[in-house]
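*Asks:* Provided below for reference: sequence and predicted model.
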Amino acid sequence: MKRLPEPAAAPRKLLAEGPGEARSSASAVGLEIGALLLSALLFALSFPSFVSRWGFFPLAYVALLPVFVVIHRTGWLGAALYGALFGYVSYALYNYWLASFHTLTLIIVPPIYAFYVLVTFLALKAADRLAPRYGFLLQSLLWVAYELWKVQGFLGYSYGTVGYSQYLFRPLIRSAALTGVWGISWLVVFPSAWLAAVLRSGPRRLREGFRRTWIPAAGWALLFAAALAYGFLAKADLSQARPWRVALVQQNIDPWRGGYKAYGESLRILIRRSREAVRGNPDIVIWSETSFVPAIDWHTRYRTDLEAYELVRQLREFLASQPMPYLIGNDDGRLKRMDDGSEQRVDYNATLLFQDGRLVQAYRKLRLVPFTEQFPYRKWLPGIYNWLRNADTHFWEPGSEYTVFQAGGVRFSTPVCFEDTFPDLGRAFVRHGAEVLVNMTNDSWSKSVACEMQHMSIALFRAVENRRTLVRATNGGITCVIDPNGRITAQLAPFTEGFLSAVAPVYTQGRTLYSRWGDWFALLCLGLSAAGLAAALLRRLLAARSAMG
């Protein structure tokens with residue numbers, strides 16, 4: 001009697017291609033999906049999450065192990081489908097708080113990273129197929145190349161870079177002064193790729209797996225040890241650093257919600273807490289991103305909105321009575337001449353420095369949040385633009401200058417909100433002369449400590465990479481001071497109203513390798529992985545031609 005094919009064989013056949021790859025039943029597909037879901041969960045829990053506000057950073061060293069195992073087992077179509085699945089689920093778990101930011105974010109962000117990871121899984125599959133002996137080494141390099149790729153351009157988004165999970169492991173992360181976060185990412189990803197290669201031969205042949213892969217593993221161990229040694233020996237000596245006394249005011253209210261009533265309430269809290277903070281005689285008082293919403297300079301010059309002007313008048317009277325400078329996040333409205341010759345108001349997400357009530361310097365945010373702060377494709381995609389506008393999106397105009405402020409004898413720059421998550425921006429500010437980085441953030445909308453901790457943990461690397469103190473002034477958290485060694489020296493509890501008086505050490509002992517050379521390590525990973533794939537493909541083609549001839 002002729003045996004009928006098993007019903008589950010067809011779907012699995014689509015996923016298994018090529019010699020040596022498992023062709024099992026639908027239960028195997030279920031196991032692979034389960035392994036990817038486990039990997040996505042471990043990935044999310046490696047960072048601050050819904051389980052722990054600090055995260056479990058050791059998990060990161062094995063979080064991607066199921067990913068590399070599944071990539072070896074499956075075929076090309078499976079790699080693509082699984083990549084989309086892992087990208088979506090991992091970011092939905094990791095960035096679950098995005099639903100509080102904007103109604104559209106969970107519709108937009110995870111699908112974007114489903115595509116990024118889909119492409120990356122195909123590259124990882126190519127490394128597995130073309131270089132069966134040392135493909136795991138290429139895969140670890142490819143992962144770093146992927147992380148560099150995903151922070152570029154309009155869609156750039158730094159959250160989810162594996163190296164950031166290690167923010168509490170200070171001896172390790174100090175080597176970011178050499179390689180940026182990218183070197184930390186490679187050290188974290190390699191064990192997962194290597195262990196997957198060891199396990200490839202099955203549990204009964206582990207010795208063979210170790211024997212085939214021990215040389216790269218030993219090299220990784222030496223580099224890991226060297227990174228730790230550097231972290232212990234190359235700590236910045238802050239004993240002679242100039243003290244910069246800062247007062248950081250956290251009003252714990254989102255002024256964007258509630259109109260003029262909320263604007264007024266926020267201003268009253270800011271003034272009251274600032275009066276308390278100045279009793280400690282700080283060198284500067286710092287408020288958070290758009291802590292005061294009505295455009296101060298605009299409504300001073302154009303008094304067409306009396307409610308807004310009255311709030312501006314109260315603020316300026318208060319600032320004129322203060323002997324120290326104030327740094328304030330604000331909407332900076334300006335007239336801009338359009339292509340047709342008319343003038344139109346545009347708004348910048350800005351930082352304004354006031355001294356004796358006078359506006360003396362301004363910085364306008366350079367890198368805006370995609371979709372929720374800018375959408376530069378209005379002419380080509382008007383439907384999406386209008387969809388975003390109708391969803392209560394507030395668009396800003398991007399700035400153009402790397403402003404360096406001066407106050408109290410200190411030169412500093414002010415990356416606004418998620419700008420402190422981009423390594424190239426922190427480096428650029430330092431190269432323009434910033435001695436301290438001052439981040440001003442509004443994360444109160446998230447109502448999530450995990451969100452605020454994730455943001456702070458990423459920002460912490462800007463201090464380590466450039467050996468510069470990072471000061472964070474937020475309206476809900478995490479308001480803190482981070483020294484050039486990556487240590488949080490002072491912190492205000494999240495979602496509390498108050499102020500933080502702290503000393504920020506001004507450390508300026510030269511520029512780090514990362515400050516000078518930038519993303520050289522990530523570019524090296526990109527070049528080596530591309531060259532390795534090309535060489536493996538050429539070798540495969542030459543072998544095939546030789547076999548035919």
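*Replies:* Cool, got the structure.
*Asks:* just the strands in this structure please.
*Replies:* All strands of the chain, identified by DSSP state E, fall at 242-250, 284-286, 326-337, 343-355, 358-364, 405-407, 410-413, 436-441, 469-474, 480-482, 488-491, 498-506.
*Asks:* Dump those strands to a markdown table, plus mean neighbour count, distance to Ala218 and mean pLDDT.
*Replies:* For the C-beta atoms, the positions are set from N, CA and C on the backbone; glycine is no exception. Listed next are the strands of the chain as a markdown table, based on neighbours: other C-beta atoms under 10 Å; distance: least, C-beta to C-beta, whole Å; pLDDT from 0 to 100:
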| stretch | mean neighbour count | distance to Ala218 | mean pLDDT |
| --- | --- | --- | --- |
| strand 242-250 | 23 | 44 | 96 |
| strand 284-286 | 27 | 48 | 97 |
| strand 326-337 | 21 | 50 | 91 |
| strand 343-355 | 20 | 49 | 92 |
| strand 358-364 | 18 | 48 | 95 |
| strand 405-407 | 19 | 49 | 94 |
| strand 410-413 | 22 | 42 | 96 |
| strand 436-441 | 28 | 38 | 96 |
| strand 469-474 | 28 | 36 | 97 |
| strand 480-482 | 25 | 34 | 98 |
| strand 488-491 | 16 | 35 | 96 |
| strand 498-506 | 21 | 39 | 96 |
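*Asks:* Tell me which of the ones you listed lies nearest to Val151.
*Replies:* Smallest distance to Val151 across those (C-beta to C-beta): 17.0 Å, for strand 436-441.
*Asks:* Could you check the angle the closest one makes with strand 358-364?
*Replies:* Orientation of strand 436-441 against strand 358-364 (axes from the mean of the first three to the mean of the last three C-alpha atoms, to 10 degrees) gives an angle of 80 degrees.
*Asks:* by contact count, what packs against strand 436-441?
*Replies:* If contacts are counted by 3 or more C-beta pairs under 8 Å, 6 or more residues apart in numbering; DSSP states H and E, strand 436-441 sits against strand 326-337, strand 410-413, helix 423-431, helix 449-466, strand 469-474.
*Asks:* Dump these into JSON lines; add distance to Asp483 as well.
*Replies:* Below are those laid out as JSON lines (distance: least, C-beta to C-beta, whole Å):
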{"stretch": "strand 326-337", "distance to Asp483": "20"}
{"stretch": "strand 410-413", "distance to Asp483": "15"}
{"stretch": "helix 423-431", "distance to Asp483": "15"}
{"stretch": "helix 449-466", "distance to Asp483": "7"}
{"stretch": "strand 469-474", "distance to Asp483": "6"}
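*Asks:* To Ala547, which of those lies closest?
*Replies:* Smallest distance to Ala547 across these (C-beta to C-beta): 46.5 Å, for helix 423-431.
*Asks:* okay, the angle between the closest one and helix 449-466?
*Replies:* Angle, helix 423-431 to helix 449-466, by the same axes, to 10 degrees: 50 degrees.
*Asks:* Buried residues in helix 423-431, which are they?
*Replies:* 423, 425-430 (16 or more other C-beta atoms under 10 Å).
*Asks:* go on, stretch 521-540?
*Replies:* For stretch 521-540, by 16+ other C-beta under 10 Å, it's 521-522, 524-526, 528-529, 532-533, 536.
*Asks:* Identify, from those residues, the entry nearest to Glu452.
*Replies:* Nearest to Glu452 among the buried residues of stretch 521-540 is Ala522, at 26.6 Å by C-beta to C-beta.
*Asks:* What are the neighbouring residues in contact with the closest one?
*Replies:* For Ala522, the contact set (C-beta atoms under 8 Å, 6 or more residues apart in numbering) comprises 144-145, 147-148, 180, 182.
*Asks:* can you tell me which of those are in helices?
*Replies:* Cross-referencing the contacts of Ala522 against helices under DSSP state H gives 144-145, 147-148, 182.
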